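# Give the three-dimensional model of this entry:
(chains A and B)
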Amino acid sequence: MTARTVRRVLLGLGVAVVAFVIGLTAIAAALLDGARVPIVSSATYLRIEKVARHASANRVVRGPQHPFFLLLVGNDSRPGVGGARGDALHVLGVNPARHEASMIDIPRDTCWQGDKINVGNTHGPRVQADDVGGLLGINIAYVVDVDFAGFLGLVDGVGGLTVNVPTPMHDSYSGAYFAPGLQHMNGTQALAFSRDRHDFPQSDIIRTSNQGLLVLDAMRDLRTKMQSAAGEFKLLALLAQHAQLDGIGIKDLYHLSRVAFSLHPDQIKNITVPYTGGGNCLTVGPAAAGLFADFRDDGVLESH
Amino acid sequence: MSRPRLVRSHRAGVVLLIAAVALTACSGGAKHRASPSVPSSTQAGAAVRVTRLLTIGSTDVQRAGGRGVVNTATRHAVLAVAQQYVDRAVLAPLETGAIGRGYASLFVPGIRPAAIGPDVNALTDRVIGATSTLNEQSTPVALSALADQSGALLYLATRFNVQVKATRPSGPIAINRSVELTYERVGTTWLVAAYRIKVTRSAPAPAPPTGAAPAKASAAAFRASDSP
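Below you'll find the model as predicted:
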């Protein structure tokens, strides 16, 4: 081997090392900056945060015994779209003592304090929880927040979801093309289903109802997979690998999941907030006051 | 402690079974279990009390991080609790008519009231009472574990089935129990923090000439320390 060849090899190695170091630095910088880069299996799929400031939320140490409220947020953060607005907002009220739960779906276009309610999530899950809690008059204890990539990863991670599609969907905007009936969906299909609003005259209101259906169908699916301790452990490990946990630990998740999956989704009443008028900023209708009052006392809708 | 393998080949299994039955009949049931038992009656050539120790089957660890193993000591510790459950909840009532001493202490305080209260008839065979003959078999114990990000074990679970054939004064009875116990570490010991139990008890109808179908009853319990 000549001296020239050796120099070329060394030069090539040097370039490769420098490129590797620059690449690693760039990825580290992106991660430190808050980017969610699904590079490896430990990519963050969702964020779970305990947000309640009241003492009752601390009962989660051994599992909540009193009614509590959990906010599910699907935010619109994706490549090219920042901000993480809360485009899917669903509040689950759980009453462990009565073994019952109810869910209220809130369209993202709901007007709240002069702006759309989904803007709150751009300031973080706690602000979104405060806004939704303010609208309903409740104290939200937990927020589960997921972006587009997280949603895809989570749905695919559990092997897809079986969703009961209520009406035909042919929407080129969201990519939702479904016939009515039970459909097994991967992450991309489930995301398209939950984003479709152009197929419906009532646009965001129907989309929100469909998102509620998907949440309950997901609970049905996961409940089936959680029928054994091994299934529970697998799901919890998946969550722990892919969720950003804030103020809540794996043991808390275990206790919460035992409570949540002891509920039968068929018995969870699911209602979308009633509205008057339409447009981009929906006004909550007069019937909502009674609905919220029914929900806030014990987390269960009895008279609706 | 290992469970005797009764079956290697069909013939060897039969020979061993006969030997085991004969040994059990001769030794009054003190084969290899610590729980107190005195057979109340014997029949020539019939097994009065045949019980077997639990053995570990498969082991599965779910890891929140990259680490987490179930070492031998932990495996034996959890298997011992499962064995104590079988001894105190299943066998003791069938031998003495009462639940074995220390049964309640197997559970974490959060579910203890349910384990000795509303779920006791699914968890134990107290409702059957003392039997004169007893033959118990169980499947290998499938062990599952959940490790946190540091590799520490948060929960362990055992899943196995227990089949019992016994004779009561009113006649024979068969009991099939599906047992899933989830354990949480409390101090230096592992205690049952949740359970899923399904039991089916079947007995022939008391009056054979009528041709009535066997009486069958089942019970189930699903409980976690946070359940209402």
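# element containing B:Val61, please.
Following DSSP states H and E, one finds B:Val61 within strand B:56-63.
# pLDDT (mean, whole number) over that strand?
Over the span of strand B:56-63, the pLDDT mean works out to 94.
# Could you do stretch A:164-171 as well?
Here the average pLDDT along stretch A:164-171 is 95.
# mind saving the C-alpha coords of it as PDB?
Provided in PDB are the C-alpha atoms of stretch A:164-171 (Å, rounded to 0.1, in the frame of the first residue of the first chain):
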ATOM      1  CA  ASN A 164     -67.400   0.700  13.500                       C
ATOM      2  CA  VAL A 165     -67.700   3.300  10.700                       C
ATOM      3  CA  PRO A 166     -71.200   4.900  11.000                       C
ATOM      4  CA  THR A 167     -71.500   6.400   7.500                       C
ATOM      5  CA  PRO A 168     -69.800   6.200   4.100                       C
ATOM      6  CA  MET A 169     -66.600   8.300   3.800                       C
ATOM      7  CA  HIS A 170     -65.100   9.600   0.600                       C
ATOM      8  CA  ASP A 171     -62.900  12.500   1.600                       C
END
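# Identify each buried residue in it, please.
With burial defined by 16 or more other CB atoms under 10 Å in any protein chain shown, the residues of stretch A:164-171 counted as buried are A:165, A:169, A:171. Placement of C-beta: from N, CA and C, glycine included.
# count of residues packed around the closest residue to A:Asp147 other than its chain neighbours?
Once flanking residues are discounted, A:Asp147 sits nearest to A:Ser77: 4.1 Å by CB to CB, 6 or more residues apart in numbering or on different chains. Neighbour count for A:Ser77, taken as other CB atoms under 10 Å in any protein chain shown: 21.
# from what I can see A:Ser77 touches A:Asp145, true?
No. A:Ser77 is not in contact with A:Asp145 according to CB atoms under 8 Å; the separation is 9.6 Å.
# where do the contact lists of the two overlap?
Contact criterion CB atoms under 8 Å, 6 or more residues apart in numbering or on different chains; residues shared by A:Ser77 and A:Asp145: A:Ala84.
# Please parse chain A into its domains.
For chain A, automatic domain parsing gives the domain ranges A:1-35, A:43-298.
# Make CSV out of these and add distance to B:Ala193.
Output for the domains of chain A, formatted as CSV (distance: least, CB to CB, whole Å):
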stretch, distance to B:Ala193
domain A:1-35, 36
domain A:43-298, 9
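# Kindly compare burial across those domains and name the winner.
domain A:43-298 (a mean of 19; mean count of other CB atoms under 10 Å in any protein chain shown).
# For A:Leu236, give its distance to chain B.
Using CB to the nearest CB, to the nearest Å, A:Leu236 is found at 6 Å from chain B.
# thinking again about what came up before, and the buried residues of stretch A:164-171 near chain B, which?
By CB under 8 Å from any CB of the partner chain, no member of the buried residues of stretch A:164-171 lies near chain B.
# if you look at these, which of them are in helices?
If you go by DSSP state H, the buried residues of stretch A:164-171 have nothing in helices.
# what ranges do the strands span in chain B?
B:49-50, B:56-63, B:133-138, B:141-147, B:153-168, B:171-186, B:189-203, B:215-224 (DSSP state E).
# what's the residue sitting nearest the centre point of chain B in contact with, if anything?
In chain B, the residue lying closest to the centroid (CA atoms, centre = their mean) is B:Val86, at 3.2 Å. Each residue near B:Val86 by CB under 8 Å, 6+ apart is listed here: B:54, B:136, B:138, B:162, B:179.
# Which one of those is nearest to B:Leu154?
Using CB to CB, B:Val179 is the member of those that lies nearest B:Leu154, at 20.8 Å.
# mind listing what B:Lys198 touches?
Applying CB under 8 Å, 6+ apart, the residues near B:Lys198 are B:122, B:177-178, B:218-220.
# 7 Å - rerun?
By CB atoms under 7 Å, 6 or more residues apart in numbering or on different chains, the contact set of B:Lys198 is B:178, B:218, B:220.
# Of the residues you listed, which are in range of chain A?
Near chain A, judged by CB under 7 Å from any CB of the partner chain, there are no entries from these.
# Neighbour-wise, which one of those leads?
Busiest of the contacts of B:Lys198 [other CB under 10 Å] is B:Ser178, holding 15 neighbours.
# Look up how far chain B lies from the residue nearest to A:Asp147.
Going from A:Ser77 to chain B by CB to the nearest CB gives 24 Å.
# Just read off the phi/psi values of that residue.
phi -70, psi 130 (degrees, to the nearest 10).
# Hmm, A:Asp87 and it touching each other?
No. The pair A:Ser77 / A:Asp87 is not scored as a contact, 9.6 Å apart, by CB atoms under 7 Å.
# what ranges of chain A fall below the confidence cut-off?
A:1, A:20-45, A:51-65, A:277-278 (pLDDT under 70).
# Could you pull up the residues touching A:Asn121?
A:Asn121 neighbours (CB under 7 Å, 6+ apart): A:73, A:75, A:84-86, A:128.
# distance of it from chain B?
26 Å.
# hey, what's the nearest residue to that residue once chain neighbours are set aside bridged with?
Spatially, and ignoring its direct neighbours in sequence, A:Asn121 is nearest to A:Gly86 (3.6 Å; CB to CB, 6+ apart). Beta bridges link A:Gly86 to A:Asn75, judged by DSSP bridges.
# what residues are up against A:Gly86?
A:Gly86 touches A:73, A:75, A:108, A:118, A:120-121, A:128, counting by CB under 7 Å, 6+ apart.
# ok, now with 10 Å
A:71-76, A:106, A:108, A:116-122, A:125, A:127-129, A:131-132, A:143, A:145 (CB atoms under 10 Å, 6 or more residues apart in numbering or on different chains).
# didn't B:Asn176 look like it was pressed against B:Arg201?
Yes. The criterion here is CB atoms under 10 Å, and B:Asn176 meets it with B:Arg201 at 8.0 Å.
# what do these two both touch?
Going by CB under 10 Å, 6+ apart, residues that sit against B:Asn176 and also against B:Arg201 are B:164, B:218.
# Between these two, which is the more surrounded one?
Per other CB under 10 Å, whichever of B:Asn176 and B:Arg201 has more neighbours is B:Arg201, with 20 against 15.
# just to revisit the earlier point, so which of the contacts of A:Gly86 sit within strands?
Short answer: the contacts of A:Gly86 in strands (DSSP E) are A:71-75, A:106, A:116, A:143, A:145.
# just the strands in the stretch 101-250 of chain A please.
Per DSSP state E, counting those that start in this stretch, the stretch 101-250 of chain A carries strands over the ranges A:111-112, A:115-116, A:142-146, A:161-165, A:169-171, A:176-178, A:181-185, A:243-246.
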